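Student: I'd like to go over a predicted model; first the sequence, then the structure.
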Amino acid sequence: MKDFKDKVLVVTGGSSGLGKEIALEGARRGMKIVINGFTQEHVDAAVEEIKALGAEVVSQCADITKLENVQALFDLTMETFGRVDMLCNNAGVAVSGPIWELPIKDIHWITEANFLSHLYGMRIFIPQMIKQGDEAVVVNTASTAGLMTSGSAVMYHATKHADLAAAEATYLALQQRGLERIQVHALVPAFVQTLIHEADSRRPERYAIDDDPYYEGVEFKTGYLRSKRQVENGMPADYVGKCVFTAVEDKKFYIYTHPESQMMAGARVQNIITGKNPSNLL
């Protein structure tokens, strides 16, 4: 896709961070915008920024980990604009820790946010893209964490690997069925200046921090500090929107923000090929 004017862009997790930058770049290119976010304050602020660029925009403030809210986002898009041309499954969260210490509810929360919400988005929006018969685009925000592994965030790696595989398989499924006009891409950023380290402030009530000792432990607290330092020293987020749209124009499936991501992926694949045991690549 190269002509974006008057096309409809839907972004989950679009009220801050990477999602907001993608929405803003779409607005600059003349697109009509639909954003989802979890916090009303952030949603309202993002809407004002998008409007300031002269774009039409509607918003949804809802927990996108719930299937019914993904359906409601689709319904809002169709009722407002009558079509969808580009979907960015961007919502995601991060919690550090080994699998034997993580609270069960965090396993569910991370899986629902980073993986299931993206599956829901593709399942609900792609049939409409097929029906329209025009060019369309799906972008899943995965991560460099989906290309390599470390011992610091088991569920983050697991869900990002799964999301990347789902995007790759969906790309192939569309190709095999003669639906090449629908592009699928995977955004695989490394550290970018976003609010992902503050994901705990956006927990749904059912996953709220409670008296589980994990939340007072060393793993949880050091994981937060490590993430905060890495994110705050990362790449400015405003670069990512341009990066995404350039890759869409060039039909490049993997959207890298950092060249070192490819090196990490190569090191992991080399371990697999040579039969070496996993090594910490972060």
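Tutor: Received it, and whenever you're ready, just let me know what you need.
Student: would you tell me what the next helix or strand after the helix or strand containing G121 is?
Tutor: Using DSSP states H and E, G121 falls within helix 117-132. The helix or strand immediately downstream of helix 117-132 is strand 136-141, counting by DSSP H and E.
Student: can you tell me the SS state at V58?
Tutor: Look at V58: counting by DSSP: H, G, I helix; E, B strand; the rest coil, its state is strand.
Student: residues in contact with it?
Tutor: I33, V34, I35, L76, T77, T80 (C-beta atoms under 8 Å, 6 or more residues apart in numbering). All C-beta atoms are positioned from the backbone trio N, CA, C, and that covers glycine.
Student: give me that answer again for 10 Å
Tutor: 10, 32-35, 47, 50, 73, 76-77, 79-81 (C-beta atoms under 10 Å, 6 or more residues apart in numbering).
Student: which ones among these map onto helices?
Tutor: V47, I50, L73, L76, T77, E79, T80, F81 (DSSP state H).
Student: burial count for the third one?
Tutor: Meaning L73. A count of nearby residues for L73, using other C-beta atoms under 10 Å, gives 27.
Student: still on that earlier bit, could you flag which of the contacts of V58 are buried?
Tutor: The neighbour count (16 or more other C-beta atoms under 10 Å) marks V10, K32, I33, V34, I35, V47, I50, L73, L76, T77, F81 as buried among those.
Student: against H42, how distant is the second one?
Tutor: Spatial separation of K32 from H42 under the definition C-beta to C-beta, to the nearest Å is 20 Å.
Student: quick one, what contacts the spatially most central residue of the chain?
Tutor: Geometric centre of the chain, nearest residue: N90, 2.5 Å, by C-alpha atoms, centre = their mean. Counting by C-beta under 10 Å, 6+ apart, N90 touches 10-14, 17-23, 35-36, 64, 117-118, 121, 139-141, 187, 244.
Student: can you rerun that using 7 Å?
Tutor: V11, T12, G13, G14, L18, G19, I22, T141 (C-beta atoms under 7 Å, 6 or more residues apart in numbering).
Student: quick one: those residues as JSON lines, columns for pLDDT too.
Tutor: Converted to JSON lines, the contacts of N90 look like this (pLDDT from 0 to 100):
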{"residue": "V11", "pLDDT": "98"}
{"residue": "T12", "pLDDT": "97"}
{"residue": "G13", "pLDDT": "93"}
{"residue": "G14", "pLDDT": "92"}
{"residue": "L18", "pLDDT": "91"}
{"residue": "G19", "pLDDT": "93"}
{"residue": "I22", "pLDDT": "96"}
{"residue": "T141", "pLDDT": "94"}
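Student: quick check, nearest of these to A267?
Tutor: T141 (22.6 Å; C-beta to C-beta).
Student: angle of the longest helix belonging to the chain against strand 136-141?
Tutor: Longest helix of the chain, by residue count under DSSP H: helix 154-176. Per axes from the mean of the first three to the mean of the last three C-alpha atoms, to 10 degrees, the angle that helix 154-176 makes with strand 136-141 is 160 degrees.
Student: as JSON lines, the contacts of V58 with distance to I107 would be great.
Tutor: Output for the contacts of V58, formatted as JSON lines (distance: C-beta to C-beta, whole Å):
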{"residue": "V10", "distance to I107": "28"}
{"residue": "K32", "distance to I107": "37"}
{"residue": "I33", "distance to I107": "33"}
{"residue": "V34", "distance to I107": "30"}
{"residue": "I35", "distance to I107": "28"}
{"residue": "V47", "distance to I107": "33"}
{"residue": "I50", "distance to I107": "34"}
{"residue": "L73", "distance to I107": "25"}
{"residue": "L76", "distance to I107": "30"}
{"residue": "T77", "distance to I107": "31"}
{"residue": "E79", "distance to I107": "35"}
{"residue": "T80", "distance to I107": "35"}
{"residue": "F81", "distance to I107": "36"}
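Student: so what pLDDT did G30 get?
Tutor: What the model reports as pLDDT for G30 is 97.
Student: so it belongs to a strand, correct?
Tutor: No: counting by three-state DSSP, G30 is located in no strand; its state is coil.
Student: distance from the chain centre to the helix or strand that contains V70, please.
Tutor: For V70, the host element (DSSP H and E) is helix 67-81. From the chain centre to the centre of helix 67-81 is a distance of 18 Å (C-alpha atoms, centre = their mean, to the nearest Å).
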